[in-house]
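Peer 1: I need the structure of the sequence given here:
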Amino acid sequence: MYPGSFDPPTNGHLDVIVRAARIFSELTVAVVVNPQKREPMFNLQDRKAMIADSVAHLSNVKVEEFSGLLADYVKAKKADVIIKGLRVVSDFESEMSTALMNRSLSNVDTMFLMSDQKYSFVSSSLVKEVFFLGGDAAALVPEPVMRFMTAKRALLRGSK
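Peer 2: This is a model prediction of the structure:
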């Protein structure tokens, strides 16, 4: 299980998905509804669709949504491993305590996959900032995600 908010999914996320899909016979990308984070730019259905379109070539990957505790969700789905991508050392520092808590609540271990170095600086927040301030984000997200972002920008401009 690879959980995240994916707002929007980046090439870094896709890299982790592709690599995890090679390791495991089945991979669930679980898009979280996280009330602790600010309102997402993309709604849940759009985030799921962006991922599904981006991983359509991977027959062993499915996309689901969840809310609540990840530990409860992985137990309910009988997941074997939680996948988390790490870009920089500070990611490990923040993810380690979460991984330990999830293991104590669910008995499911977390596997950390280091991002490809070419994506180590890419975050969803930075992608949104670059794109919506007029920068070129095409190399940072899968092509289906760029379509959604372009449509969202047009929608936002039209509502002003």
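
Peer 1: so how far is residue 132 from the residue nearest to residue 148 when sequence neighbours are not counted?
Peer 2: For residue 148, the nearest residue in space outside its immediate sequence neighbours is residue 50; the separation is 5.2 Å by C-beta to C-beta, 6 or more residues apart in numbering. Just so you know, the C-beta spots here come from the backbone N, C-alpha and C atoms, and that holds for glycine as well. Remark: distance between residue 50 and residue 132 (C-beta to C-beta, to the nearest Å) = 16 Å.

Peer 1: And the longest helix seen in the chain, what does it pack against?
Peer 2: Of all the segments assigned as helix in the chain under DSSP state H, the longest by residue count is helix 89-106. Helix 89-106 sits against helix 70-77, strand 81-86, strand 109-114, with contacts defined as 3 or more C-beta pairs under 8 Å, 6 or more residues apart in numbering; DSSP states H and E.

Peer 1: how about the ones you listed in TSV, adding mean neighbour count and mean pLDDT?
Peer 2: Rendered in TSV, the data for the helices and strands packed on helix 89-106 read as follows (neighbours: other C-beta atoms under 10 Å; pLDDT from 0 to 100):
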stretch	mean neighbour count	mean pLDDT
helix 70-77	18	96
strand 81-86	21	96
strand 109-114	15	96
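
Peer 1: With distance to residue 102 added, can I get those in a markdown table?
Peer 2: Formatted as a markdown table, the helices and strands packed on helix 89-106 follow (distance: least, C-beta to C-beta, whole Å):
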| stretch | distance to residue 102 |
| --- | --- |
| helix 70-77 | 5 |
| strand 81-86 | 6 |
| strand 109-114 | 6 |
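
Peer 1: Select, out of these, the one closest to residue 14.
Peer 2: Of all the helices and strands packed on helix 89-106, strand 81-86 sits nearest to residue 14, with 10.2 Å by C-beta to C-beta.
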